[in-house]
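> how does the following fold in three dimensions:
(3 chains)
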Amino acid sequence: MTLALELNGITKRFGTLTANDDVTLTLAQGEILALLGENGAGKTTLMNILFGHYAADAGSVRVFGQEIPPAKPRAAIEAGVGMVHQHFTLAGNLTVLENVMLGSESLLWARSAKAKAREKLMQIAERFGLPVQPDAKISQLSVGERQRVEILKALYRDARVLILDEPTAVLARPEAQRLFETLRDMTKQGLSLIFISHKLHEVMAASDRVAVLRGGKMIAERKTTDTSPEELAELMVGRKVQRPVRQDQAIGAPVLIADQVRVDEKGETRLNDVSFTVNEGEILGIVGVSGNGQAALGALLSGLTIPAAGKLTLSGQDIGQFGPRDMIRAGVGRVPEDRHAEGAIGELSVWENAVLERLRTPEFSRRGFVRHAAGKAYAANLIDTFDIRGATPDTRTGLLSGGNMQKLILGRCLSIGPRFILANQPTRGLDEGAIAAVLEKLLTARAQGAAILLISEELEQAVALSDRIQAIVKGRLSKPVAAHEADAQKLGLMMAGIWQEDDHAA
Amino acid sequence: MRLERRGDVPLRIIIFAPFMAVLVALLIAAFLIAAAGVNPLTAYVELLRGALGSRLAITEMFTRATPLILTGLAAAVAFRARLWNIGGEGQFFMGALVTAWIGHSLALPGVLGIPVLMVAGMAAGAALLAGPAYLRLRFGVDEVVTTLLLNFIVILFVGLMIEGPLRDPLAFGWPSSVPVDRDFRLPDLIPGTRLHTGLLFAIAAAGAVWLIFARTVFGFETRAAGLNPTAAAFAGVSLPRTLMGVALLSGALAGLAGSVEVLGVTAGVTTTMSPGFGYAGIVVAMLAALHPAGVVASATFVATVFVGADAMSRATGVPSFIADVIVALCLLTMIVALLFATYRVRR
Amino acid sequence: MIEAIELLWNTNLWAAVLRIATPLIFGVLGALLCERAGVLNLGIEGIMTMGAMTGWLTVYLGGDLWVGLSVAALAGGLMGLLHAGLTVPLGLSQHVSGLGITLLASALSYYLYRLIVEVGDLPPTIEPFRPLDIPVLSDIPILGPILFSQTMPTYLALLSVAVIAYVLARTPLGLAIRMTGENPHAVEAQGLNPMRIRIGAVVAGSALMGVGGAFLTTAAFNSFFPEMVQGRGWICIALVVFASWRPGKALIGALLFAFFDAYQLRLQTAIDGVPYQLFLMAPYVLSIVALILVARRAEVPAALMAPYRRGER
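Reported below is the predicted structural model:
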């Protein structure tokens, strides 16, 4: 039987970076293949080449035996390839039907055949068990529903090969389960699937075969039944995975207390009646699928929003009305979720980013003038202390790698000896080496008595690092659970919103 | 085709870019000159002669450059912060109007009066831009359209004033406002020419703007806010405050341009006293890649083109509008040049 | 005061409203088309000037009025192509490019006009479009002279509203244009080319703008003079926001604005003692007020002004 997909010798370079290095990959019909690798391993690039978003520098793509021309999504679609992107390619202001129909009719036609399209869509939705409302606006749909539309888009174009890029990144465990069941059904109906993931448990549970990419190269392929999470982890990283280990230690007095806090945004309540305490020398982990209020929590603790109700205190001081600069002065360190959008400004130099949030302090300015020399000296110090590679105080920050930029942000945060640290997805998008460095620094701060709130979408990381864990679901927090009592089942229930409605005291 | 960001852009490329841009613009304009049946080289020689060929010409050129430096600074300051101030023309006129209005009967000695009038002009320009800035902050109204529409409103208002309350009874033929008192006229820089000390104020303003952006907290924060508002806000920069601050500074600079032009050249206000200084200021700013130091150089260039074109037109018969064409082309070629300076093109 | 209200009864006023609205309708449709695809076209003021000049010049040099309009459309389309070339594949600032196009198109218009036309004391004139009385319909009392005795370009403008509305709402091309303005990556993911769609929309929109400008010289007035567009292009940009990017509302906005413009013109002669400049200011002030009123509710196309870089997330 012809292979559904054959990628041969795919090579792709971006400047000096080789994203894919002579990669060869096959997919049999009716098979589910998992493409595994760390951040930056080249998985998304490879799939983008397959789907035609990029042209490879070398190599060929064959779909059901036919070679398809490069860099043409249309060619891939016509050959039967469909892609469910990690960041959905949907237009919020338009309806489900419009998003699905786009591109299926010739642009020269004088009339859109909407009724026929609606019928076809409903048939496909029924056949694959993906219910939708064709006339709903995308912006009104939940994340899970939007993903369904993204999948239906591909099925509507008669896809026989489906690529899914990190499909469970935005789903809660029960939804993720359902998705994989749906995918399994699809293979019974004749589809062949590739999904990209970096979550080992998913890969083990849902795939027939695993292909591991590392540093742009295809390192290994295994039948899923022939391998284990440990082996896969080692293949992904290239050496035994060593993450810093949390040592139990005595917990001190409460540092940050949130009491029945409510945060509203644009008329909607994002955090509802939220209470938690973070103590000295402790890491409190907040786990949950993205979109459940983490952004509002981060904004609150960064000083970007003020609570609509409730109190927020730091060692007794009311910090509810504090802006970012006041927070920093009070001893709050902040590591934001998105280092490119929020954490640092690419066009500014390293020293400028280092001092920006403390600009209006005597250390870095005097009578309205910036103290350049002091700023540069401070940056040089950070570079040294936190091992920021590829940087001098005058280097343009955009040139630093993700890991080094995160070290800069972390260093800037830790250098003030903060009493409380907000660490919002601190290891997102980093490679294994950088992840270990960041986690180690956080554990050191904890050992020195800082109170840390860790917001994380990586369940395993949160459990390994935190002393106590609370789940955030639809803007509410569960009761805290001690880390050593948190097993997968309990956490799964918490993250699905099922917990005892006891008092919320920590 | 894909654009790939270069690493650090060496300074020589940033300086090279405007020269390339100007060259290409002159090349394209050469075709239009040829269409007029004139040898482009001859035309350009006449242009240079007209602007730089004699002492008188050079003083005329610098007289023209003075308001351009200031409106160029106004645009540079605003655009850096992504505040699209297209209202330089209106702010110019407001500054001019207020200066003539107050300066007609101000009872102060010259030495005090001149700075007071300049500050008044700056305040008028700043106040005018504060409106659209506020509308953007409070209502999210795009300032491009509001500042543009204000230009038309202001020019009508100026016409209204000089045909009414500020009418100069001594002006025959063309309506003009009452002139500023003679005590407040800026002294000539070079006697016997129109070149006045306003040029020094303009250059000083460029220095001040440079200082603000390179050394002050306000300048630092403004730069950050213009590059990445989200990250700047995260770091505690108040976006509304920096925006309003930039608006006041930019409006003040454009208002100062009008004020200086009245004090140094025209004495009164007419509706035709600006041949598009506000809009030309935008080109001046872009040619300088929004750097305050570069603004002086690019204003000199643009002034050369405008002054020279008049002489060229008389000598060769090429319509003097070619100057506007060249300046507009420079704006477009400059943004392309800047693109190639910061990005490499890749397949 | 009485005269002010009496003016409203005058059918001439309302006929003038449609006439004055015509260039605005073309302009606002053109700007709307560009923006629905995600490109802000601030070149409109210059493109309308260029349309005015080229349309007039074609007729002056012996061409037919309709050829004149076609040439104006072509000239507008070419300027649009330049703007699209700078902003779509190169991703340059739509603000700066648009302003540059306005400066360039205006300057080119004045330069070419001065080059080709001998100007004496008065600018030379051409024979413009005459109002066409549609048989039977134009005899209807009141409505007849207003709606059915207009020039051909005015009828063309009204037709354009219907055509653009239909295309955007009911054709695959219209869907593609709308999607490009909301999320170009979604367009690429469905196998279409968002860059080509954007360029096409900008060229078509700019052609419409050119025709709008040509109306000024081939129907409203019969000569070309500097500054004749008088900020109408900018007003069209404001009207697009006011119309929530919808053709039907754009027509209403243009008519509303034209009404105020026509009304203030007649009020000037009816009311003494008020400087005429105040009347002339009214349209601009009203545009700003309109912008403030709709600003909060504006449903901006999500990808408007966001440059589309292939493969970038």
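> hey, let's count contacts and neighbours off CA atoms from now on
Fine.
> ok, residue C:102 to chain A distance?
30 Å (Cα to the nearest Cα, to the nearest Å).
> so what's residue A:216 up against?
A:18, A:19, A:20, A:21, A:23, A:41, A:42, A:43 (Cα atoms under 8 Å, 6 or more residues apart in numbering or on different chains).
> give me that answer again for 6 Å
For residue A:216, the contacting residues are A:19, A:20, A:21, A:41, A:42, by Cα atoms under 6 Å, 6 or more residues apart in numbering or on different chains.
> next one: residue A:435
For residue A:435, the contact set (Cα under 6 Å, 6+ apart) comprises residue A:427.
> and it, what helix or strand is that in?
helix A:432-447 (DSSP states H and E).
> chain C: helices as residue ranges?
With DSSP state H as the criterion, chain C has helices at C:2-6, C:11-36, C:44-60, C:65-87, C:94-116, C:143-147, C:152-170, C:172-182, C:184-189, C:194-215, C:232-242, C:247-270, C:276-295.
> now the longest one against helix C:152-170, angle please.
Looking back up the chat, that one is helix C:11-36. Between helix C:11-36 and helix C:152-170, the angle comes out at 40 degrees (axes from the mean of the first three to the mean of the last three Cα atoms, to 10 degrees).
> what packs against helix C:11-36?
Contacts defined by 3 or more Cα pairs under 6 Å, 6 or more residues apart in numbering or on different chains; DSSP states H and E place helix C:11-36 against helix C:194-215, helix C:232-242, helix C:247-270.
> what residues does the second one touch?
Helix C:232-242 is touched from outside by C:27, C:28, C:32, C:44, C:45, with contacts defined as Cα under 6 Å, 6+ apart.
> domain map for chain A?
A:5-237, A:242-331+A:417-506, A:346-415 (automatic domain parsing).
> what's the closest of these to residue B:325?
Shortest distance between residue B:325 and the domains of chain A, using Cα to Cα, is found for domain A:346-415: 33.4 Å.
> any part of that closest one near chain B?
Yes: shown here: domain A:346-415 in contact with chain B (Cα under 6 Å from any Cα of the partner chain) through A:357, A:368, A:369, A:370.
> name the single longest helix found in chain B.
Counting residues, the longest helix found in chain B (DSSP H) is helix B:110-139.
> hang on, the earlier thing: save the domains of chain A as CSV, and put in distance to residue C:234 too.
As requested, the domains of chain A are exported to CSV (distance: least, Cα to Cα, whole Å):
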stretch, distance to residue C:234
domain A:5-237, 26
domain A:242-331+A:417-506, 31
domain A:346-415, 33
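> of the ones you listed, which approaches residue C:292 most closely?
Closest approach to residue C:292 among the domains of chain A (Cα to Cα): domain A:242-331+A:417-506, 19.4 Å.
> just give me how far that closest one sits from the chain centre.
Put simply, domain A:242-331+A:417-506 sits 17 Å off its chain's centre (Cα atoms, centre = their mean, to the nearest Å).
> so for that domain, what's the average pLDDT?
Taken as a whole, domain A:242-331+A:417-506 has a mean pLDDT of 88.
> likewise for stretch A:220-231?
Mean pLDDT, stretch A:220-231: 90.
> a markdown table please, covering the helices of chain C and showing mean neighbour count.
Below are these laid out as a markdown table (neighbours: other Cα atoms under 10 Å in any protein chain shown):
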| stretch | mean neighbour count |
| --- | --- |
| helix C:2-6 | 11 |
| helix C:11-36 | 27 |
| helix C:44-60 | 31 |
| helix C:65-87 | 24 |
| helix C:94-116 | 23 |
| helix C:143-147 | 19 |
| helix C:152-170 | 17 |
| helix C:172-182 | 26 |
| helix C:184-189 | 26 |
| helix C:194-215 | 30 |
| helix C:232-242 | 26 |
| helix C:247-270 | 20 |
| helix C:276-295 | 18 |
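> weakest of those helices by average pLDDT?
Ranked on mean pLDDT, the bottom entry among those is helix C:2-6, at a mean of 75.
> give the buried residues for the helix or strand hosting residue A:233.
Using DSSP H and E, residue A:233 falls within helix A:229-237. Neighbour-count burial for helix A:229-237, counted by 16 or more other Cα atoms under 10 Å in any protein chain shown, picks out A:232, A:233, A:235, A:236, A:237.
> now render the residues you listed as CSV, adding distance to residue C:67.
Shown next, in CSV, are the buried residues of helix A:229-237 (distance: Cα to Cα, whole Å):
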residue, distance to residue C:67
A:232, 71
A:233, 72
A:235, 71
A:236, 68
A:237, 69
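> quick one: which of the residues you listed is nearest to chain C?
residue A:236 (24.5 Å; Cα to the nearest Cα).
> next one: the closest residue to the closest one other than its chain neighbours from chain B, what distance?
Leaving aside its sequence neighbours, residue A:236 sits nearest to residue A:37 (Cα to Cα, 6 or more residues apart in numbering or on different chains; 5.3 Å). From residue A:37 across to chain B, the span is 25 Å (Cα to the nearest Cα).
> check contacts around residue A:37.
Here residue A:37 is in contact with A:198, A:212, A:213, A:214, A:236 (Cα under 6 Å, 6+ apart).
> quick one: average pLDDT of stretch A:36-47?
Per-residue scores along stretch A:36-47 average to 86.
> off-centre distance for it?
Averaging C-alpha positions (Cα atoms, centre = their mean) puts stretch A:36-47 14 Å from its chain's average.
> quote the end-to-end distance of that stretch.
Its start and end residues considered, stretch A:36-47 measures 12 Å (Cα to Cα, to the nearest Å).
> for the helix holding residue A:435, which positions count as buried?
Within helix A:432-447, the residues scored as buried using 16+ other Cα under 10 Å are A:432, A:434-443, A:445-447.
> just these now: which is nearest residue A:491?
Distances from residue A:491 to the buried residues of helix A:432-447, taken by Cα to Cα, are shortest for residue A:439, at 21.5 Å.
> what's the nearest residue to that closest one if we skip its chain neighbours?
That would be residue A:244: by Cα to Cα, 6+ apart, it lies 6.7 Å from residue A:439.
> CA atoms only for the helix or strand hosting residue A:6, dumped as PDB, please.
Per DSSP H and E: residue A:6 is located in strand A:5-14. Below are the C-alpha coordinates for strand A:5-14, written out as PDB (Å, rounded to 0.1, in the frame of the first residue of the first chain):
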ATOM      1  CA  LEU A   5       3.300  10.700   3.300                       C
ATOM      2  CA  GLU A   6       7.000  10.600   2.300                       C
ATOM      3  CA  LEU A   7       9.300  13.500   3.300                       C
ATOM      4  CA  ASN A   8      12.800  12.900   1.900                       C
ATOM      5  CA  GLY A   9      15.900  14.800   2.800                       C
ATOM      6  CA  ILE A  10      14.200  17.900   3.900                       C
ATOM      7  CA  THR A  11      16.600  20.700   4.700                       C
ATOM      8  CA  LYS A  12      15.700  24.200   5.700                       C
ATOM      9  CA  ARG A  13      17.900  27.100   6.800                       C
ATOM     10  CA  PHE A  14      17.000  30.500   8.300                       C
END
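> adjacent strands (with direction) for the next helix or strand along the chain from that strand?
The helix or strand immediately downstream of strand A:5-14 is strand A:17-27, counting by DSSP H and E. In the sheet, strand A:17-27 lines up against strand A:5-14 (antiparallel) (DSSP bridges).
> got the residues of chain A near chain C?
Within reach of chain C by Cα under 6 Å from any Cα, chain A has these residues: A:73, A:74, A:89, A:90, A:91, A:103, A:107, A:110, A:111, A:112.
> and the first one, how far from residue C:90?
Distance of residue A:73 to residue C:90, given as Cα to Cα: 21 Å.
> so which of the two has more stuff around it?
Between residue A:73 and residue C:90, residue A:73 has the larger neighbour count (other Cα atoms under 10 Å in any protein chain shown), namely 27 against 19.
> that one and residue A:54 touch, don't they?
No: counting by Cα atoms under 6 Å, residue A:73 does not reach residue A:54; the two are 9.0 Å apart.
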